[in-house]
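Undergrad: give me a model of this one.
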Amino acid sequence: MSQIVDETPGTTAAVGTENPFPGLRPFKIEESHLFFGREGQSDEVLLKLSKSRFVGVIGPSGSGKSSFIYCGVLPILYGGFLTDASPNWEVIVTRPGSGPIDNLAESLLKTAKDYNLADTEDKKIKRTIVSTLLRSSSLGLVEAIQQSRRSADVNYLVLVDQFEELFRFKDSTDPNSVNESLAFINLLMEAVNYEDSPIYVAITMRSDFIGDCAQFPELTRKINDSHYLIPQMTREQKRRAIEGPVAVGNANIAPRLVQQLLNDLGDNPDQLPILQHALMRTWSYWSRYKDYEGELVDLKHYEAIGTMSEALSMHANEAFDELDEDQQRICEIMFKAITEKRGENFGIRRPTRLNEIASIADVSENDVIAVIEKFREPGRSLLTPSHGTPLHSRSMIDISHESLMRIWVRLKNWVDDEADAVQMYLRLAEAAAMYQVGKAGLWRPPDLQLALNWQAKHKPTLVWGQRYNPAFERTIIFLEYSKKEFETEQRIKELEQKRKLERARTTAIVFGVLMVIALLFLVFAFVQQAEAKRQEALAKTNADAAIAQKA
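TA: Next comes the predicted model:
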């Protein structure tokens, strides 16, 4: 019996020694002894899987679908529950992400015993071969499993966790993306329908994406025939989920704290990961600061970590504050890359490869890894892959749960800021496309100034831009050309203004000189007039004197 489980953060809790709560991440199969509250629900899932070789486990975000599969269904499956099938199982866990077929190929390769021993180049070649086989026909998955099958009595369960990623990352404007989604679904459906190969398929999917399945008729039929809508936990089940792990950890919890936790949890299933995180933090605080051996896990420990309303935000801020200034910038870019805002108050995860994050931030991969390690240290389950899992260029970096986007105030602000940046970029890209075909002009203020402010603040890179619109170079050229043309127009206007000013100054000087000359002529005229009057008076005086002498 062998297994492959997805890479999720956190440490395995050994009985009585480690923290028995996983935090935000799902439980792992080896933590089934810590999984309480859904006893007896796995049988129905396995009956549906046995009957149809397919089952869809569907529920709202945070309802514990992945944990239920790993710790509720798989242990019973390995125990030989399916009596009409061999008790020997290979479980292949995959997530669609942005490349569902490539990710499936990677998961298939991990079943090979020598895969982890192979060097990087050999792994790349094998991955290419399997990806090509999967794309060759709708029976590619059947053929790939048959080629790697080591025993005739082994059954295969292909578990597609977070199946909604197939729709979240599909670009409806990209024919290749649409075709890959269809090809991926056809691989699964053909494997289930292929009678001569014991391949079973299980998917976990958020219920708000169920409508997206309608565009695939065969998938729709399978889900209609065999799905399990995961029920909301009752108050008593939630109580067992709180008290059970504490008992496994050889401790006791105060009844008043249990009541407070249940009241804070309410009826919202999306709060279950928040509860697990708060319990993980409470346990850590209690184990470190308890006053005496045997002290109950109590309200004071719960309140010290910020309760369910603040614990997650406080925990994330602790990690952020441990980074230096440059790392904090990388951290902001990383979280913006792996999250996405949909609608006014709706955020989703966007797992992104490590090398892509490094390109967006324009830093080395090691710089990004140093930041990631702070958020996936033991006791911090804020990012995946899990602590201890080696990181490489193709590692998919993801937040543990969407609730981080709701609770961590700093991340909420980052998500909003990124959404505004994307909106400006898309507006600019559309304007560039319209300008190219002659249907719009270059940008002018105030739009141009807003776009230049956006460019200066966010410093967009090619990799960042192509996540949202492939024509990044055209868009930036359009912005730069708009800026250049506007600056040229401004220089021409300034030059023209200067010429006008020079002409005005020259005119003023000429008029000033003329005025001075006119004033001089006026003064001269006054002088001449005065002299004339003086001469006239003198003549009159002389005449009077002559007359007087004659008399």
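Undergrad: so where's the protein shaky on pLDDT?
TA: Under the criterion pLDDT under 70, the flagged ranges of the chain are 1-17, 81-86, 112-119, 150, 170-178, 269, 343-346, 551.
Undergrad: in it, mark out all the strands, start to finish.
TA: Listed from the start of the chain, the chain has strands (DSSP state E) covering 2-3, 54-59, 88-94, 154-160, 199-206, 227-229, 339-341, 347-349, 352-353, 383-384, 396-399.
Undergrad: in space, what's closest to residue 199 - neighbours in sequence excluded?
TA: residue 191 (4.3 Å; CB to CB, 6 or more residues apart in numbering). Bear in mind the C-beta positions are built from the backbone N, C-alpha and C, glycine included.
Undergrad: typed the wrong thing, it's residue 198
TA: residue 155 (4.4 Å).
Undergrad: quick one, domains of the chain?
TA: Segmentation of the chain into domains, based on automatic domain parsing, reads 38-229, 233-407.
Undergrad: among those domains, which comes closest to residue 500?
TA: Smallest distance to residue 500 across the domains of the chain (CB to CB): 46.1 Å, for domain 233-407.
Undergrad: what is the end-to-end distance of the closest one?
TA: Across domain 233-407, the straight-line distance between its terminal residues is 22 Å, by CA to CA, to the nearest Å.
Undergrad: contacts only, for residue 398.
TA: Residue 398 makes contact with 338, 349, 351-352, 383-384 under the criterion CB atoms under 8 Å, 6 or more residues apart in numbering.
Undergrad: so it bridges to which residues?
TA: For residue 398, the residues forming beta bridges with it (DSSP bridges) are residue 384.
Undergrad: re the thing from before, which one of the strands of the chain is the most hemmed in?
TA: strand 383-384 (a mean of 28; mean count of other CB atoms under 10 Å).
Undergrad: picking up where we left off before, doesn't residue 198 make contact with the residue nearest to residue 199?
TA: No - taking contact to mean CB atoms under 8 Å, the distance of 10.0 Å between residue 191 and residue 198 leaves them out of contact.
Undergrad: count of neighbours near residue 473?
TA: Residue 473: 12 surrounding residues under other CB atoms under 10 Å.
Undergrad: residue 412 now?
TA: A count of neighbours around residue 412, defined by other CB under 10 Å, yields 18.
Undergrad: phi, psi for residue 460 please.
TA: As for residue 460, its main-chain torsions (degrees, to the nearest 10) stand at phi -60, psi 140.
Undergrad: can you pull the contacts of the nearest residue in space to it that is not next to it in sequence?
TA: For residue 460, the nearest residue in space outside its immediate sequence neighbours is residue 425; the separation is 6.7 Å by CB to CB, 6+ apart. Applying CB under 8 Å, 6+ apart, we find residue 425 in contact with 454, 460, 465, 468-469, 475.
Undergrad: ok now stretch 161-170, how far from the chain's centre?
TA: Averaged C-alpha coordinates place stretch 161-170 at 14 Å from its chain's average position (CA atoms, centre = their mean, to the nearest Å).
Undergrad: need the contact list for the nearest residue to residue 443 once chain neighbours are set aside.
TA: Closest residue in space to residue 443, ignoring its immediate chain neighbours: residue 482 at 4.3 Å, by CB to CB, 6+ apart. Residues in contact with residue 482 (CB under 8 Å, 6+ apart) are 442-444, 448, 451.
Undergrad: any idea how far residue 482 lies from residue 372?
TA: Using CB to CB, to the nearest Å, one obtains 38 Å as the distance from residue 482 to residue 372.
Undergrad: tell me how many other residues crowd the residue nearest to residue 166 when sequence neighbours are not counted.
TA: Sequence neighbours aside, residue 96 is the residue nearest to residue 166 in space, at 4.2 Å (criterion: CB to CB, 6+ apart). Counted with other CB under 10 Å, the burial measure for residue 96 works out to 26 neighbours.
Undergrad: quick one: residue 96 and residue 169 touch, right?
TA: Yes - shown here, residue 96 and residue 169 form a contact pair, counting by CB under 8 Å, at 7.1 Å.
Undergrad: the nearest residue to residue 184 once chain neighbours are set aside: neighbour count?
TA: Nearest-residue entry for residue 184: residue 100, 4.1 Å, with adjacent residues in sequence omitted and distances by CB to CB, 6+ apart. Using other CB under 10 Å, residue 100 has 26 neighbouring residues.
Undergrad: gap between stretch 424-434 and the chain center?
TA: On the basis of CA atoms, centre = their mean, stretch 424-434 sits 22 Å off its chain's mean C-alpha point.
Undergrad: next: stretch 41-56.
TA: With CA atoms, centre = their mean as the basis, the mean position of stretch 41-56 lies at 33 Å from the chain mean.
Undergrad: which parts of that stretch are buried?
TA: Buried residues in stretch 41-56, counting neighbours by 16 or more other CB atoms under 10 Å, are found at 41-42, 45-46, 48-50, 52-56.
Undergrad: out of these, who's nearest residue 281?
TA: Using CB to CB, residue 41 comes nearest to residue 281 of the buried residues of stretch 41-56, at 27.6 Å.
Undergrad: ok, the closest residue to the closest one other than its chain neighbours - contacts?
TA: In this structure, residue 41 finds its nearest non-sequential neighbour in residue 72, 6.5 Å apart by CB to CB, 6+ apart. For residue 72, the contacting residues are 32, 35, 38, 41-42, 45, taking CB under 8 Å, 6+ apart as the criterion.
Undergrad: among the residues you listed, name the ones in helices.
TA: Secondary structure assignment (DSSP state H) places 42, 45 from the contacts of residue 72 within helices.
Undergrad: adding distance to residue 505, write the contacts of residue 72 out as a markdown table.
TA: Putting those into a markdown table (distance: CB to CB, whole Å) gives the following:
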| residue | distance to residue 505 |
| --- | --- |
| 32 | 90 |
| 35 | 88 |
| 38 | 88 |
| 41 | 91 |
| 42 | 92 |
| 45 | 90 |
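Undergrad: quick check, nearest of the contacts of residue 72 to residue 63?
TA: Within the set of these, residue 38 lies nearest residue 63; the separation is 10.1 Å, counting by CB to CB.
Undergrad: so that closest one sits right up against residue 237, yeah?
TA: Yes - with contact taken as CB under 8 Å, residue 38 and residue 237 are classed as touching, separated by 6.9 Å.
Undergrad: tally of neighbours for residue 377?
TA: 15.
Undergrad: how about it, what does it touch?
TA: Applying CB under 8 Å, 6+ apart, one finds that residue 377 lies in contact with 319, 387.
Undergrad: I'd like to know how far the nearest residue to residue 151 once chain neighbours are set aside sits from residue 147.
TA: Closest residue in space to residue 151, ignoring its immediate chain neighbours: residue 88 at 6.8 Å, by CB to CB, 6+ apart. In this structure, residue 88 and residue 147 are 18 Å apart, going by CB to CB.
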